[in-house]
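Asker: sequence first, then the predicted structure:
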Protein chains: 2
Amino acid sequence: MGRTSNARQQVLDTAARIVREHGAAALTFEELAAKSGVTRGGITYHFPTKDELLRALVERDQVRWSETLAQHVAAASADPVGPLVAYVRTASTHDPERRRFVSGMLSAVAHQPELLDGCRALYRAQLPDLERGGAAAFDALIVLLAADGLFWMEQLGFLDLPDSAREELIARLEALARATATPRSPDSTA
Amino acid sequence: MGRTSNARQQVLDTAARIVREHGAAALTFEELAAKSGVTRGGITYHFPTKDELLRALVERDQVRWSETLAQHVAAASADPVGPLVAYVRTASTHDPERRRFVSGMLSAVAHQPELLDGCRALYRAQLPDLERGGAAAFDALIVLLAADGLFWMEQLGFLDLPDSAREELIARLEALARATATPRSPDSTA
DNA sequence: ATTCTTGTACAAAACGTTCTGTATACCTTG
DNA sequence: CAAGGTATACAGAACGTTTTGTACAAGAAT
């Protein structure tokens, strides 16, 4: 309870690594036991069934995302378009664990797509926050989608921008995010 | 008995459906035989190994994407930012087969992530086309990423916009795509 | 000395692959 | 053109391995 079982975390980390490196199909209890240092018995104790393992993996991704988002939201709370800027920052956060992030979602989509329902709900729940009506709402959605695109294209290994270009891109994205809150700019294509 | 093998197409269609509905883990030869009408022997004939089946699935997605893109490029060739607009239209093409599209990629990422290398190369190859240098290049990239985001969020079932909102969003995206080619517009937030 | 955690052994099912069989289209050759 | 052979397209069963889930014993912690 105090510390949520060392072995459990170890298993989850290893599972994420396996999924990331060899795909969700390679995520078997045997491989997990071999690479995590925990034997099958230990694994079975913490995750009696594979379903629960997957559920834990997805929840882990979800929690991490929410925590990162909450951090950025708190840090940019003074900002009028705080949520959107925070979202951009969350999607583009480039820490060493970044690639580990979606392994839960990817294994879920491979084994039981319905496990993503929680993530879907979470994603949709935040959409109304961005819609203020009018053309600005669509610009906000575009910024959001661009952040998502950046996130997934990087996660899937499709995009790998040099750091400088990446930073400039994010800066531009954030600028656009801010611009959605100031519709009195000379731009009005509607 | 098919000209270019009717059964082969049938198998591939069914495989895509299975992946889409139940995840890539459910894509087994047995399920495939049960749901495609082709027996295991027949399947084995066309796809001696699962690797080849996956390869065919990925290639299929790739070919479809390329063909759709080529169509839109041809249709918008007169446009100065033809490629980008065409890309937006490709990513947002909403035909009945849309959801079938990435099943190959999803099963690849589940079974053998390296099968995506071809797609990755294809994706990166088009990036330089959009980069004209300067701030406009980043705006173009943002539009591209937004299109990708729309595509994947819809594919993964995270986003499901009402038709009207969807059309307006795409229109705005296309407008932004065109704007990247005319940087002398009154909008210059850089 | 319970309770919590990990290790070992095993049963049943599922999976990919291989093998053999069959029917039909195509091509050759006399 | 007719006979014979070959390649193609598909069917069905079988094999050996892998994987999941379960049962139970052993060790650590409190």
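Answerer: Thanks, I have the structure now. Numbering: from 1, shown residues only, chains lettered A, B, ... in the order given.
Asker: quick check, the longest helix along chain A touching DNA strand D?
Answerer: Secondary structure of chain A per DSSP state H: the longest helix is helix A:50-75. Yes - judged by CB under 7 Å from any atom of the strand, helix A:50-75 and DNA strand D are in contact via A:50-51. Backbone N, C-alpha and C define where each C-beta goes, glycine included.
Asker: what's the angle between the following helix or strand past that helix and helix A:50-75?
Answerer: As assigned by DSSP states H and E, the chain's next helix or strand after helix A:50-75 is helix A:82-92. Angle, helix A:82-92 to helix A:50-75, by axes from the mean of the first three to the mean of the last three CA atoms, to 10 degrees: 130 degrees.
Asker: the longest helix of chain A packs against which elements?
Answerer: Using 3 or more CB pairs under 8 Å, 6 or more residues apart in numbering or on different chains; DSSP states H and E, the elements in contact with helix A:50-75 are helix A:6-22, helix A:82-92, helix A:103-111, helix A:117-130.
Asker: and it, what's buried?
Answerer: Buried residues in helix A:50-75, counted by 16 or more other CB atoms under 10 Å in any protein chain shown: A:50, A:53-58, A:60-62, A:64-65, A:68-69, A:72-73.
Asker: again, but for stretch A:8-26
Answerer: A:8, A:10-12, A:14-20, A:22-26.
Asker: give me the subset of those residues touching chain B.
Answerer: Among the buried residues of stretch A:8-26, proximity to chain B is found for A:22-25 (CB under 8 Å from any CB of the partner chain).
Asker: got a list of contacts for the least confident helix or strand in chain A by mean pLDDT?
Answerer: Lowest by mean pLDDT, DSSP states H and E among the helices and strands of chain A is helix A:117-130, with a mean of 83. Here helix A:117-130 makes contact (CB atoms under 8 Å, 6 or more residues apart in numbering or on different chains) with A:58-59, A:61-62, A:66, A:83-84, A:87, A:105, A:137, A:140-141, A:144, B:153, B:156-159.
Asker: picking up where we left off before, adding distance to A:His46, write the helices and strands packed on helix A:50-75 out as a markdown table.
Answerer: Shown next, in a markdown table, are the helices and strands packed on helix A:50-75 (distance: least, CB to CB, whole Å):
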| stretch | distance to A:His46 |
| --- | --- |
| helix A:6-22 | 5 |
| helix A:82-92 | 29 |
| helix A:103-111 | 16 |
| helix A:117-130 | 20 |
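Asker: which of those helices is buried the deepest?
Answerer: Highest mean neighbour count of the helices and strands packed on helix A:50-75: helix A:103-111, a mean of 26 (counted as mean count of other CB atoms under 10 Å in any protein chain shown).
Asker: output the contacting helices and strands for it.
Answerer: Using 3+ CB pairs under 8 Å, 6+ apart: helix A:103-111 touches helix A:6-22, helix A:50-75, helix B:103-111.
Asker: show the pLDDT at the residue nearest to A:Glu30 when sequence neighbours are not counted.
Answerer: Distances taken as CB to CB, 6 or more residues apart in numbering or on different chains place A:Arg40 nearest to A:Glu30, at 7.3 Å, with adjacent residues excluded. pLDDT for A:Arg40: 90.
Asker: ok, A:Arg40 - contacts?
Answerer: Residues near A:Arg40 by CB under 8 Å, 6+ apart: A:29-30, A:33.
Asker: equivalent analysis for A:Ile170, please.
Answerer: A:88-89, A:92, A:150.
Asker: near DNA strand D, which residues of chain A show up?
Answerer: Contact residues (CB under 7 Å from any atom of the strand) of chain A with DNA strand D: A:27-31, A:40-41, A:44, A:48-51.
Asker: same list (those) but as TSV, adding secondary structure.
Answerer: Shown next, in TSV, are the residues of chain A next to DNA strand D (DSSP: H, G, I helix; E, B strand; the rest coil):
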residue	secondary structure
A:Leu27	coil
A:Thr28	coil
A:Phe29	helix
A:Glu30	helix
A:Glu31	helix
A:Arg40	helix
A:Gly41	helix
A:Thr44	helix
A:Pro48	coil
A:Thr49	coil
A:Lys50	helix
A:Asp51	helix
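Asker: out of those residues, who's nearest B:Asp79?
Answerer: Of all the residues of chain A next to DNA strand D, A:Leu27 has the smallest distance to B:Asp79: 45.7 Å, by CB to CB.
Asker: quick one on the thing from earlier: just checking: which of the buried residues of stretch A:8-26 also lie near DNA strand C?
Answerer: Okay, of these touching DNA strand C (CB under 7 Å from any atom of the strand), that's A:Arg8.
Asker: which of the buried residues of stretch A:8-26 lies closest to DNA strand C?
Answerer: A:Arg8 (6.8 Å; CB to the nearest atom of the strand).
Asker: once you drop chain neighbours, what's closest to the closest one?
Answerer: Nearest residue to A:Arg8 in three dimensions, chain neighbours excluded: A:His46, at 4.7 Å (CB to CB, 6+ apart).
Asker: low-scoring stretches of chain A, by residue?
Answerer: A:1-5, A:80-81, A:94-101, A:128-133, A:182-190 (pLDDT under 70).
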